[in-house]
Structures are given as structure tokens and as C-alpha cells.
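Undergrad: heads up, no residue letters with this:
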């Protein structure tokens with residue numbers, strides 16, 4: 001699996017590895033600076049709903065917000081370990 005994390009700060013790497021549920025020893029990072037201002041990395045935390053699917057609600061909300069902020073032809077890529 002390849003994760004494109006052009007703007008992931010080094011201090012956020014452990015949190016990302018934990019959230020995506022991969023083993024740190026299995027990670028090979030290739031890093032280079034980027035000058036692309038349109039690439040944004042973020043981690044979104046959420047609370048589970050009563051059905052245990054807070055992830056779906058959080059993703060739908062985030063996509064809706066980002067599509068309003070960045071209308072077509074903008075693209076959104078979401079990485080998740082459970083959806």
C-alpha cells in the first residue's frame with residue numbers, strides 16, 4: 001500500500017501510523033519537499049454514533065465541507081482503515 005502524504009509533518013507520523021493501523025516496522029518512507037500548495041494533509045477525529053458508524057458520518061461531513069470549499073474540478077482522496 002502506498003500512502004501519499006506530501007504535507008504530513010514528521011511529528012504526525014506516529015499518529016498516522018496508529019490511526020491507519022499499520023506496523024511502524026513495515027513502513028518505508030520516501031520523503032521530498034513539495035511546492036504544491038493544493039495538497040493538504042489532515043487527521044480527522046470523530047465520535048462513534050449509536051450504531052458504531054461515526055466514521056461514515058465524519059467522512060460524509062468532511063467531503064461535503066471540502067467540496068464546498070474546493071468546487072469541481074477539485075479532487076478529494078481519503079485514506080482510512082475501515083471504510
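TA: Structure's in. What do you need? Remember, it's a predicted structure, so these values are computed and weren't measured experimentally.
Undergrad: give the buried residues for the helix or strand bottoming out on mean pLDDT in the chain.
TA: Across the helices and strands of the chain, mean pLDDT, DSSP states H and E gives its lowest value to helix 13-20, namely a mean of 84. For helix 13-20, a neighbour-count test (16 or more other Cβ atoms under 10 Å) marks residue 16 as buried. C-beta here means a position set from N, CA and C on the backbone, and glycine is covered the same way.
Undergrad: what's the first helix or strand after it?
TA: helix 54-69 (DSSP states H and E).
Undergrad: what sits up against stretch 24-33?
TA: Residues outside stretch 24-33 that contact it (Cβ atoms under 8 Å, 6 or more residues apart in numbering): 13, 14, 17.
Undergrad: can you put those residues in CSV and add distance to residue 46?
TA: Listed next are the contacts of stretch 24-33 as CSV, based on distance: Cβ to Cβ, whole Å:
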residue, distance to residue 46
13, 21
14, 20
17, 19
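Undergrad: which among these gets closest to residue 73?
TA: Distance to residue 73 across these (Cβ to Cβ) is lowest for residue 13, with 30.7 Å.
Undergrad: who's in contact with that closest one?
TA: residue 29.
Undergrad: one more time with 10 Å
TA: Residue 13 sits next to 5, 24, 27, 29, 31 when contact means Cβ atoms under 10 Å, 6 or more residues apart in numbering.
Undergrad: again with residue 54
TA: If you count contacts by Cβ under 10 Å, 6+ apart, then residue 54 has 45, 46, 47, 48 around it.
Undergrad: and those residues, which is closest to residue 63?
TA: Distances from residue 63 to those, taken by Cβ to Cβ, are shortest for residue 46, at 13.2 Å.
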